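Chemist: Sequence and predicted model, in that order:
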Amino acid sequence: MIKVDMKNFNLLKAKNRQKAALLAFALVAAHNMEGQAKREAPWTDRTGHARQSIQGTADWVGDRLVICLSGGMEYSPYLELAHGKKYAILKPTIEKNAADIINEYQRLVKD
């Protein structure tokens, strides 16, 4: 029989480390999508502000890990939704990357 001494094991500390590692993974994914969206935005820059304002973020919201990609200009919704979505980049970038992000997440947390 093998005995393992668990008296120094801190379950809360282990959970916090796991959450921190998953957040780091999500931040990398958000940063990668941000870069991709900035590179592939289909519009012609006038000032460059719309492209520069694209931001990828990630954080825990309760027990949910949320990755966001957003545009920070007041006209960003117009670029995403007007003209038959011809200039959309945020949603297409998320859709292009979602399956890979989920697959990698599942690989990280599988038992």
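Modeler: That came in fine, so what should we check first? Just so you know, these numbers come straight off a predicted model, no measurement behind them. Residues are numbered from 1 along each chain as shown.
Chemist: So what does Val61 have for phi and psi?
Modeler: Dihedral pair for Val61: phi -120, psi 100, per degrees, to the nearest 10.
Chemist: what's the answer for Gly56, then?
Modeler: Here is the backbone geometry of Gly56 (degrees, to the nearest 10): phi -110, psi 130.
Chemist: which ones are touching it?
Modeler: Applying C-beta atoms under 8 Å, 6 or more residues apart in numbering, we find Gly56 in contact with 29-35, 37, 67-69. (C-beta placed from N, C-alpha, C; glycine too.)
Chemist: which of the residues you listed are buried?
Modeler: Neighbour counting with 16 or more other C-beta atoms under 10 Å marks 29-30, 33-34, 37, 67, 69 as buried within the contacts of Gly56.
Chemist: that older thread, from the contacts of Gly56, which two are the most distant?
Modeler: Pairwise distances across these (C-beta to C-beta) peak at 14.9 Å, for the pair Gly35 and Cys68.
Chemist: Find the nearest non-adjacent residue to His31, please.
Modeler: Distances taken as C-beta to C-beta, 6 or more residues apart in numbering place Gly56 nearest to His31, at 5.4 Å, with adjacent residues excluded.
Chemist: now that neighbour: how far from Glu80?
Modeler: Relative to Glu80, Gly56 is positioned 15 Å away (C-beta to C-beta, to the nearest Å).
Chemist: That concludes my questions; thank you for your assistance.
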